[in-house]
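[1] no sequence on hand, only this structure:
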């Protein structure tokens, strides 16, 4: 019998491999992305303190109002812009991008593009 590959387990392995090299500091926090089937969640994290500085997702009321008639990729771009705006309020300009073990296409890339457009530097 052929065993089916658990895609989430493979993603978590990739994520662990990347996290060995990537870490967020107070000066340059980590922009972490989690992608579920219907939503996308983004956090700006200071790993030295273990604190989430700000976050955004498609579940928030202000973002949800903007994305009501958008595709998931366009919604992800809006989430990127929203988290960048929150980070700018905290005077965060530079972040290191953590794609969460996902391939850098589609919604993950849209989050990065939206954050760059709103003024974050990776």
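    Good, I have the coordinates. None of these values were measured; they are calculated from a predicted model. Numbers count the residues shown, from 1 in each chain.
[2] burial of residue 25, as a residue count?
    For residue 25, the count of nearby residues is 13 (other C-beta atoms under 10 Å). Quick note: C-beta positions are derived from backbone N, CA and C, even for glycine.
[3] which residues does it contact?
    For residue 25, the contact set (C-beta atoms under 8 Å, 6 or more residues apart in numbering) comprises 46-48.
[4] one more time with 6 Å
    Each residue near residue 25 by C-beta atoms under 6 Å, 6 or more residues apart in numbering is listed here: residue 48.
[5] can you check the one 10 residues further on too?
    Listed by C-beta under 6 Å, 6+ apart, the contact set of residue 35 reads 102, 107.
[6] do you know how far it is from residue 19?
    Per C-beta to C-beta, to the nearest Å, residue 35 is found 16 Å from residue 19.
[7] do the same with residue 80
    21 Å.
[8] neighbour count: those two, which is higher?
    residue 80 (28 against 15).
[9] for the more buried one, which non-adjacent residue is spatially closest?
    residue 114 (2.6 Å; C-beta to C-beta, 6 or more residues apart in numbering).
[10] which SSE is that neighbour in?
    Residue 114 belongs to helix 107-117 when assigned by DSSP states H and E.
[11] which of the residues in that helix are buried?
    Residues 107-112, 114-115 are the ones in helix 107-117 that count as buried (16 or more other C-beta atoms under 10 Å).
[12] give me the contacts around the worst-scoring helix or strand of the chain on mean pLDDT.
    Lowest mean confidence among the helices and strands of the chain (mean pLDDT, DSSP states H and E): helix 61-66, at a mean of 92. By C-beta under 6 Å, 6+ apart, the surrounding residues in contact with helix 61-66 are 78, 82.
[13] appreciated, that's everything.
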